[in-house]
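1. just a sequence and a predicted model for now, questions to come.
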Amino acid sequence: DDAIVSAAYRYGKHIGMAFQLVDDVLDFDGSSSTMGKAALADLNAGLATAPVLFAAEHFPNEMDRLIERKFSEAGDVNRAVELVRQSDGIERTKDLAHVYVELGIDAVMEIEASPYRDSLVHLAYKIVDRVR
């Protein structure tokens, strides 16, 4: 059924976005035991994730320089963390993850009620519960 395929696709797309945003937050707030990778791994790899991009709206000149050089100079990662913490980058990322979870739930609610659908809704909420 095309409607089920469409709903499942949108659920997966939105829940995948929420999962990635939560992962971005955990890179700042999590530990290696909760994440399965070292904290700040994304920054150390030169990646500008959602909290960094939101912080760049508050500190465009300084953060843009850090992003352009991929946090490669001594002190860049620590400074980026300071700027993220001084901004609302983490909170805005959490809020955006919640938006994507709700979009995913809206999509899956188009599917006929079943224990499987209920499990998908429950899974969606577990994703954002990781960063409460």
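-> All right, it came through fine.

2. show me where pLDDT drops low in the protein?
-> For the chain, the stretches with pLDDT under 70 are 30-37, 132.

3. for it, just list every one of the helices.
-> 2-29, 32-35, 41-44, 50-58, 60-68, 76-86, 89-108, 115-129 (DSSP state H).

4. what's the last one packed up against?
-> Okay, so that is helix 115-129. helix 2-29, helix 89-108 (3 or more C-beta pairs under 8 Å, 6 or more residues apart in numbering; DSSP states H and E). Just so you know, the C-beta spots here come from the backbone N, C-alpha and C atoms, and that holds for glycine as well.

5. which residues sit against the last one?
-> Translated: helix 89-108. With C-beta atoms under 8 Å, 6 or more residues apart in numbering as the test, helix 89-108 has contacts from 7-8, 10-15, 17-18, 21-22, 24-25, 28-29, 49-55, 58, 84, 117, 120-121, 124-125, 127-128, 131.

6. buried ones among the residues you listed?
-> Among the contacts of helix 89-108, the ones that count as buried by 16 or more other C-beta atoms under 10 Å are 7, 10-11, 14-15, 17-18, 21-22, 24-25, 28-29, 49-55, 84, 117, 120, 124, 127-128, 131.

7. show me the contacts for the residue nearest the centre of the chain.
-> By C-alpha atoms, centre = their mean, the chain has its centre lying nearest to L21, at 0.5 Å. L21 sits next to 50, 93-94, 96-97, 100 when contact means C-beta under 8 Å, 6+ apart.
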